[in-house]
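Q: Got a predicted structure plus its sequence, pasted below:
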Amino acid sequence: MNKIERQSRSAADDQVLPGEIPSDAVLSDELAQELSRIPTEVIEPGDAPLLVKAPLTPAEVRTILMSLLLTMFLAALDQTIVATALPTIGRQFADVNNLSWVITAYLLASTAVAPVFGTLSDIYGRRAMIITAMALFMVGSIMCALAPNMIVLIIARALQGLGGGGILPIVQVVISDVVSPRERGQYQAYFSGVWVAAGIGGPIIGGLFAEHLHWSMIFWINIPLGVGSLALLLPKMKKLPVFHRRRKVDWLGGVLLMASAVVFMLVLTWGGTKFSWASPTIVAMIGAAAVMAFAFIWHAIHHDEPFLPLPLMSGSVVPFAMAAGGCAMGAMLGLTVHMPLYYEVVYGLTAGEAGVALIPIAAVSVGGAAFAGHMMTKAKHYKRVAIAGTAMSALMGLLLALMTPLPLWALLTMLGLFSIGLGTVFPVSLVSIQNAVPRPQIGTATGAMNFFRALMASFTVAAFTTILLMALGTDISISGEHAASTHPIAASDMVSAFRYVFEAAAALLALSTLFLLLMEERPLAGPAKAKPSLVSE
């Protein structure tokens, strides 16, 4: 690593944060430790000017974080708010056959562009890319609201997904520019809470708008909220340190990566439901995805500056942290999608009651994330809390498989414990990745992490569906939607089938524990105890 970058990186990592007044001796000690941990990637000094600006005040930190929370809420809300309005939209456009594409188009687009926006933020900067992502999101929202037919609505949702998929990695990268790695974990809990609030509130808000106002309001509401978040965020972002590096964009590599991801997710979406896994269509799509994936890898190996540098995904931290977070995300979403079916068939709950019963899975994980983030600000061995948490989750999953059927209160309690342990993985894995890569490549690594988590979640949902189809018989359709309370499947058969699902979830969390054990625990840069707060000076 050249002298210029070494000086710039150490200056960036050791800048004084709001409320922190370190002594010269502490600075010298932290500087020596940080220099010993700098990765060995070589970046030309002429291409990588790192500019560290004046430290942010506590008020500016709070403003940036609050605007990021609002921005994240918009992206999270639009993944769920449309669901309850779909019947109304289908009736207006007299098209129910293509309704699922209103959600699928958004998810495909948002997943495919996550690594793209992460990498581009390392090339053109965070400010430019958050503006681009928000602009695409708001333009897509306006097109959705004004859509005259289903086809236009689906295209507009894909455009909206392009923006929404860029928001998450950029927000996570901006946090890395605002607070040090040691402090960063506690803020991730706030953003986990935003996802939970959007997941719970989205269907309620969408239903109210569709029933009492007009379904287009679920898109119009994005405009004032989006403009407000940008108005709060952009002026303060001018003071953030600049870590991006201008270079030529490897568009071919980006296109190959996105195309292979889209085809692979379509395989997971259609396989076993719309088409059988052995059908020529699915086999051809799997082959196409594999060819494009190998083409991307070959291109990345032979390109001087590939879109996603493969060495960045190697080492003793990044691959294990990505795998641990991906397994945890897959287990959580796999259960979230399929548990309503279990609640309705086994316990006779209505669709609304089954949705409420999902809270222990979706909401309680925030508590685990908050605890792990808090421990990261104090504990030297910060990954131990995530190891203990995932091990507890694996145990709860195994007990659910062995002890089901349980009284509903007991099932919800065990799912709550499962979720608390699972939530500890997310701040630890994210911060470990960002702490292990060079500053000019944090965006690339963060985007790749979100991309892998989304693919893993899609794979797990498809795998859980396949498990249920194999256990219950292939003459039924399980697509992740709530089943009616008069579902023809016997409760005893559903209990037997879900034992395999719980075992699969336990296996995923056991794998997550193993990956955390294998991950190197590097010291986190930053103060021993975080000072900035969202609520006090």
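A: Right, received. Where do you want to start? Numbering: from 1, shown residues only.
Q: so what's residue 83 scoring on pLDDT?
A: In the prediction, the pLDDT value recorded for residue 83 is 67.
Q: Begin at 732, not 1, for the rest of this chat.
A: That works, and once the first residue is 732, the last one we named lands at residue 814.
Q: Could you measure from the residue nearest to residue 1008 when sequence neighbours are not counted over to residue 820?
A: Nearest-residue entry for residue 1008: residue 1002, 5.0 Å, with adjacent residues in sequence omitted and distances by Cβ to Cβ, 6 or more residues apart in numbering. Every residue, glycine included, has its C-beta placed from N, CA and C. In this structure, residue 1002 lies at 26 Å from residue 820, with Cβ to Cβ, to the nearest Å as the measure.
Q: Give me the most central residue, this protein.
A: With the centre of the chain defined as its mean C-alpha position, the nearest residue by Cα atoms, centre = their mean is residue 1181, 4.9 Å away.
Q: Which strand or helix spans that residue?
A: Mapping residue 1181 onto the secondary structure by DSSP states H and E places it in helix 1173-1203.
Q: Which strands and helices lie in contact with that helix?
A: Packed against helix 1173-1203, as judged by 3 or more Cβ pairs under 8 Å, 6 or more residues apart in numbering; DSSP states H and E, are the following elements: helix 831-855, helix 881-909, helix 982-1001, helix 1049-1077, helix 1156-1167, helix 1222-1249.
Q: of all those helices, which lies closest to residue 1145?
A: helix 1222-1249 (9.7 Å; Cβ to Cβ).
Q: on that earlier part again, looking at the residue nearest to the centre of the chain now. What's its pLDDT?
A: Residue 1181 is assigned 84 on the pLDDT scale.
Q: so what's the residue nearest to it when sequence neighbours are not counted up against?
A: In space, not counting the residues next to it along the chain, residue 1181 is nearest to residue 845; the distance is 4.3 Å by Cβ to Cβ, 6+ apart. With contact taken as Cβ atoms under 8 Å, 6 or more residues apart in numbering, residue 845 is in contact with 896-897, 899-900, 1178-1179, 1181-1182, 1185.
Q: Buried ones in stretch 822-830, by neighbour count?
A: Buried residues in stretch 822-830, counting neighbours by 16 or more other Cβ atoms under 10 Å, are found at 824, 826, 830.
Q: Stretch 870-883 now?
A: Neighbour counts using 16+ other Cβ under 10 Å place 870-876, 878, 881 of stretch 870-883 among the buried residues.
Q: Keep only those of the residues you listed that are in strands.
A: Among the buried residues of stretch 870-883, no member is found in strands (DSSP state E).
Q: Let me have these in JSON lines, extended by distance to residue 1043 and pLDDT.
A: JSON lines is the format used below for the buried residues of stretch 870-883 (distance: Cβ to Cβ, whole Å; pLDDT from 0 to 100):
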{"residue": "870", "distance to residue 1043": "32", "pLDDT": "92"}
{"residue": "871", "distance to residue 1043": "30", "pLDDT": "90"}
{"residue": "872", "distance to residue 1043": "33", "pLDDT": "89"}
{"residue": "873", "distance to residue 1043": "37", "pLDDT": "91"}
{"residue": "874", "distance to residue 1043": "35", "pLDDT": "91"}
{"residue": "875", "distance to residue 1043": "36", "pLDDT": "89"}
{"residue": "876", "distance to residue 1043": "40", "pLDDT": "87"}
{"residue": "878", "distance to residue 1043": "40", "pLDDT": "86"}
{"residue": "881", "distance to residue 1043": "41", "pLDDT": "85"}
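Q: Tabulate those residues (a markdown table), appending distance to residue 1068.
A: Formatted as a markdown table, the buried residues of stretch 870-883 follow (distance: Cβ to Cβ, whole Å):
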| residue | distance to residue 1068 |
| --- | --- |
| 870 | 30 |
| 871 | 25 |
| 872 | 25 |
| 873 | 30 |
| 874 | 28 |
| 875 | 24 |
| 876 | 28 |
| 878 | 27 |
| 881 | 24 |
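Q: domains of this structure?
A: According to automatic domain parsing, the chain comprises the domains 784-980, 1039-1256.
Q: Let's test this: mean pLDDT of stretch 899-918, rounded?
A: Averaging the model's pLDDT scores along stretch 899-918 yields 76.
Q: cool, and stretch 957-968?
A: Average pLDDT, stretch 957-968: 80.
Q: Give the buried residues for it.
A: Of the residues in stretch 957-968, those buried (16+ other Cβ under 10 Å) are 957, 960-961, 963-964, 967-968.
Q: re earlier: how close does the residue nearest to residue 1008 sit to residue 1122?
A: Here the distance between residue 1002 and residue 1122 works out to 32 Å (Cβ to Cβ).
Q: Same question for residue 870.
A: For residue 870, the distance to residue 1122 equals 46 Å [Cβ to Cβ].
Q: what does residue 1189 give?
A: When Cβ to Cβ is the yardstick, residue 1189 and residue 1122 sit 26 Å from each other.
Q: Could you check which of those two has the larger neighbour count?
A: Neighbours per residue, other Cβ atoms under 10 Å: of residue 1189 and residue 1122, the larger number sits with residue 1189, 23 against 18.
Q: Find the nearest non-adjacent residue to that one, please.
A: Counting by Cβ to Cβ, 6+ apart, the residue nearest residue 1189 is residue 999, at 4.7 Å.
Q: pLDDT score assigned to that neighbour?
A: pLDDT recorded at residue 999 is 79.
Q: mind listing what it touches?
A: Under the criterion of Cβ under 8 Å, 6+ apart, the contact partners of residue 999 comprise 1189-1190, 1192-1193.
Q: Let's have these in CSV, adding distance to residue 911 and pLDDT.
A: Shown next, in CSV, are those (distance: Cβ to Cβ, whole Å; pLDDT from 0 to 100):
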residue, distance to residue 911, pLDDT
1189, 33, 81
1190, 34, 85
1192, 35, 82
1193, 39, 81
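Q: And these, which two are furthest apart?
A: 1190 and 1192 (7.4 Å).
Q: And the pLDDT at residue 765?
A: At residue 765, the predicted lDDT confidence score is 43.
Q: Next one: residue 870 from residue 848, what distance?
A: 16 Å.
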